[in-house]
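Peer 1: Could you work out the structure for the sequence below:
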Amino acid sequence: MNKSDLNKFFTRLEELLETNGCNGRDLTNAEIILKEMNIPKDEQEEFLEDCRYSGGFCDCEIFLNSEDYLREKYDK
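Peer 2: Here you go, the predicted structure:
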C-alpha cells in the first residue's frame, strides 16, 4: 500500500464509521475498504496485522491508535 492508497483508506474509513459506526470488536469496515480498493490479499493481511500491532483492534481504534504508525510505515 502506498501513501495515496492510505489517504483513500482513511477517507473511506471515516465515511463508513459515520454511516455504520464501530462495533468495537473487529475491523469489518477496514476489511470492506481494502476489498473495495482491490488491495491484494497478502497486502490486506499485512495491513490489518499492522493495525493490530499498533493498537487498532477495531475500526475506530485504527484512527485513535494506529494512524500515526501506519502513516509513518506507508509514507512512500
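
Peer 1: So residue 23: helix, strand or coil?
Peer 2: Put simply, residue 23 is coil when judged by DSSP: H, G, I helix; E, B strand; the rest coil.

Peer 1: Taking the centroid of this structure, which residue is nearest it?
Peer 2: The structure's the chain has its C-alpha centroid closest to residue 30; by C-alpha atoms, centre = their mean the separation is 4.7 Å.

Peer 1: So for the top helix by length along the chain, mean pLDDT?
Peer 2: Assignment by DSSP state H gives helix 3-20 as the longest helix of the chain. Model confidence over helix 3-20, given as mean pLDDT, is 96.

Peer 1: Pull the residues that contact that helix.
Peer 2: 1, 28-30, 32-34, 36-37, 39, 59-60, 62-63, 67, 70-71, 74-76 (C-beta atoms under 8 Å, 6 or more residues apart in numbering). For the C-beta atoms, the positions are set from N, CA and C on the backbone; glycine is no exception.

Peer 1: ok, and for that helix, which residues are buried?
Peer 2: Within helix 3-20, the residues that qualify as buried are 6, 9-10, 12-13, 16, counting by 16 or more other C-beta atoms under 10 Å.

Peer 1: can you give me the end-to-end distance of stretch 36-47?
Peer 2: In stretch 36-47, first residue to last residue: 15 Å (C-alpha to C-alpha, to the nearest Å).

Peer 1: Okay, buried residues for the very next helix or strand once past the longest helix of the chain please.
Peer 2: Beyond helix 3-20 in the direction of the C-terminus, DSSP states H and E gives the next helix or strand as helix 28-36. Residues of helix 28-36 classed as buried by neighbour count (16+ other C-beta under 10 Å): 29-30, 33-34.

Peer 1: Redo the residues you listed as a markdown table? Include distance to residue 45 and pLDDT.
Peer 2: Converted to a markdown table, those look like this (distance: C-beta to C-beta, whole Å; pLDDT from 0 to 100):
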| residue | distance to residue 45 | pLDDT |
| --- | --- | --- |
| 29 | 16 | 96 |
| 30 | 12 | 97 |
| 33 | 14 | 97 |
| 34 | 9 | 98 |
